[in-house]
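Undergrad: sharing a sequence plus its predicted fold:
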Amino acid sequence: MASAEARVISAEVGTAVDHTGAVLRLLAEGHAIPYIARYRGGEIGGLAADKLREISRAHEVYTATESKRQKVKAALTKAGHRIDGRLEAALASARTVAEVEEVYGPYKPDAKRTKAAAARALGLGPAADAVLSGKPFDWREWAQCGTREAVAAGVQHIVAEAVSVDPESRQLTRQAYSRHGILTSQSIQLKKDKAAEGKAAKKGKAKDKDEAGDRKRKRADEKAESRPQSHNSYGHYADFQMPVWKIRHHQVLAIDRGEKEKTLTVAVGLSSEHEKERVVSAIARLWRQRTHPSTRSLVDDAVKDAYTRLLSRRAVRECRRELTQKAHAAATKVFARNVRAVLLTRPTRGSRVCAIDPGFRNGCKIAVLSETGQVLETCTLFPHGSPRKADEELVALERLVARHKCDLIGIGNGTAVRETEEWVGRLRARQPGLAWTIVNEAGASIYSVSPEAEAEMPDRTPAERGAISLGRRLLDPLSELVKVEAKHLGVGMYQHDLSTKLITTTFDEVIEECVALVGVDLNTADEAVLRHVPGLHKATAKALVQERTKVGRFSEREDLKKVPGVGKRRYQDAVGFTRVYPAPGTSTSISKRAMFAKTGIHPDSYGLADALLAKTGLKHRDMGSEVARSKLRGIDVRALAEELGTDRLTLRQIVTEMEVDQTYDPRSAFSKPLFRESVRSLSSVKPGMVLSGRVENVSDFGAFVDVGLERSGLVHVSQMVAPLEPGDVGDFTCVRVDLRNRKLDLSARKSRADVAPTSRHEDEDRRKQRKTHHRT
């Protein structure tokens, strides 16, 4: 039977109750999410890793809320408060810690004394309980508590508090705000300026409009115009309003940030007075059914009081909180999607790389790397002085490239990148086969002075480490970028609005997912990558490297059990994502177990893999060959799974591993770096020009594309034929160039005719042209 938690979470995330229960059980056993997603798919209904993370986070919220609920009940009991049916229902309906706090707020010992508490202190609690229980009310029975007006007001305040914590009343109010709420924001400075203008206008009307007064007001206006306006940073939101259901996530984040910086004031209200009256009437009808007809007037007044003082304010807080939470969740998904695309960039295997960290005064730091990332030579060149010096340094660069037979140059996208790109571009006339690309150097300088970089390259200067890191980002992006902190990667639009903990957690999850997809070689992977293998962590990764150094190399996957700190569960979670390849120079004959160790087949499924080979008549040496693909392509997975006593998803995973080539890298299916063939400046770009580019970041309103200029171009969602993903490479049409603000608008549509007009005047010109065409 499914637990209450499984039922609640399944309804929240939209998964089957039994699958949700299985996920919660596996998480409670301590298994890593990538392991559950790949190797326990039959138990969880094939849920993806993203959905598993949703369940995991919902589990954390549910556990924290339940713990808080029990603590609140204990505190209420200890303080002598009776937990009646209404209070019990209000606590049970709370779905977050914040909602439990809202219910508990009036009962806190250190809480501000409420009107209802004051009425109870007068002894009117039993009178209000009688009203709420559906009994008639006669104020004369409580005359000892005060006058008629005082008694009625006290009972009304207690009833109003009961209305405010009632789940149905809260739901009606919440629905009204979610369907008919309007969020408004105003610039604080703009409001001050308008107020000052209003005062000046009133003062000006009272005075004679003489010439001297005009000159004085003109000087004041000029001074006000020259004064920097803080609301300009949030110009879109200086006088903004939008229905709650319609507002976009990036707008919520921007408004929240403006409010935090004390630049904007934000409010949420219903769209009209009619909507307010409608929700109050609905709540009043609800309570009239629960109370005696003789108390209708009192109850109606209590409902109005509850809505004005309590329900509407709580609904505003919940509405703002929900908008922010959804915006943070959306920003986190964008961040994760962008990070995943960066980490899974196709590696440039087999290339000798000349990495350049550009600079003006301190010169360009050069690092030449071998195909495996070993440092062959480092130096510093100074091409950005006089033209003569640039020519001399170009000769030095040409000799360096020729000496080491480099076929690829990577240039960091920092200071002097465009000037360095122009300088490097002159080599194409002398070495036509040489290609170059721009490398995102976000976080490279910070990593170069980190303790990890010092331990990895103790004999190198920070400048040399930065250039070496740029080159290795080209050769193997995943292995190098895992060394950089999430906040320094420069991906995502609003990650700085999110908590550091959330960003770090998301970053670690994405790295773990990417490492699990690619797999790691137990004998060559460094500690920075090993710590992100599902099931392992920093301490076990360090112990693994030490064990590998001691024994020389691992000969089989089972050697992972010998690493200190790797117990049964850690081994089970991690082993499927590791690979063990034969040592160079060993015999060409390879055992079945050794062949399995080169794939993503889990040791728990080796018996099943043996049965599959026997059933299809394949040899283990055939795995990854065309012979295996031809035989496995036609099998009935569902029927064979029943015959072998397993589930369809597990068998399908084994079949896929047997079909794929042993040297296949999953990253080859993703975008490769964009190699430059020419250099352009923003001033040389004109509307209608087609530029080659690579998508860097994606947000709710568009995608930012690197087209080889000093600023990335923006492809608005209205200029997309299909959604763009980070890492996509293609041709983009220039729509508008704003040289003053250094902005570039692009279109992902194929032809210039499909591109939207750049301005209202251009739109009018096109209409005139069409009219002329039709007349002729």
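TA: Noted; the coordinates are in hand. Numbering: from 1, shown residues only.

Undergrad: where's the residue nearest to Gly433 when sequence neighbours are not counted relative to Gln431, distance?
TA: Sequence neighbours aside, Asp407 is the residue nearest to Gly433 in space, at 6.8 Å (criterion: Cβ to Cβ, 6 or more residues apart in numbering). Where C-beta positions appear, they are placed from N, C-alpha and C, glycine not excepted. For Asp407, the distance to Gln431 (Cβ to Cβ, to the nearest Å) stands at 9 Å.

Undergrad: does the residue nearest to Gly433 really touch Leu434, like I thought?
TA: Yes: distance between Asp407 and Leu434: 6.7 Å, which falls inside the contact criterion (Cβ atoms under 8 Å).

Undergrad: ok, Asp573 to Leu649 distance?
TA: Counting by Cβ to Cβ, the gap from Asp573 to Leu649 is 18 Å.

Undergrad: just Ser448 next, same as before
TA: Taking Cβ to Cβ as the measure, Ser448 falls 44 Å from Leu649.

Undergrad: the two: which has the busier surroundings?
TA: Neighbours per residue, other Cβ atoms under 10 Å: of Ser448 and Leu649, the larger number sits with Ser448, 22 against 18.

Undergrad: now do the contacts for the more buried one.
TA: Taking Cβ atoms under 8 Å, 6 or more residues apart in numbering as the criterion, Ser448 is in contact with 462-463, 465-466, 469.

Undergrad: and for Gly154?
TA: Contact criterion Cβ under 8 Å, 6+ apart gives 118-119, 122, 124, 127-128, 145-146 as the residues in contact with Gly154.

Undergrad: who wins for most neighbours among these?
TA: Per-residue neighbour counts (other Cβ under 10 Å) across those peak at Ala119, which has 26 neighbours.

Undergrad: name the nearest residue to that one, ignoring sequence neighbours.
TA: Per Cβ to Cβ, 6+ apart, closest to Ala119 is Gly154, 3.3 Å.

Undergrad: could you do Gln719 as well?
TA: Counting by Cβ to Cβ, 6+ apart, the nearest residue to Gln719 once its immediate chain neighbours are dropped is Ser747, at 4.0 Å.

Undergrad: go ahead and confirm that neighbour touches Thr733.
TA: Yes: between Ser747 and Thr733 there is a contact at 4.5 Å, judged by Cβ under 8 Å.

Undergrad: so between these two, which is more surrounded?
TA: In this view Ser747 and Thr733 are compared by other Cβ under 10 Å, and Ser747 has more residues nearby, 26 against 21.

Undergrad: got a pLDDT number for that one?
TA: What the model reports as pLDDT for Ser747 is 90.

Undergrad: and it, how far from Leu536?
TA: Taking Cβ to Cβ as the measure, Ser747 and Leu536 are separated by 45 Å.

Undergrad: how about His19?
TA: With the distance defined as Cβ to Cβ, His19 ends up 27 Å from Leu536.

Undergrad: if you count what's nearby, which of these two comes out ahead?
TA: The residue with the greater number of neighbours, taking His19 and Leu536 and applying other Cβ under 10 Å, is Leu536; the counts read 28 against 18.

Undergrad: what does Phe732 show for phi and psi?
TA: Backbone dihedrals for Phe732, given as degrees, to the nearest 10, come out at phi -130, psi 140.

Undergrad: any idea how far it is from Thr65?
TA: Distance check for Phe732 against Thr65: by Cβ to Cβ, it reads 47 Å.

Undergrad: looking at the two, which one has more neighbours?
TA: Neighbours per residue, other Cβ under 10 Å: of Phe732 and Thr65, the larger number sits with Phe732, 25 against 18.

Undergrad: many thanks, we can stop here.
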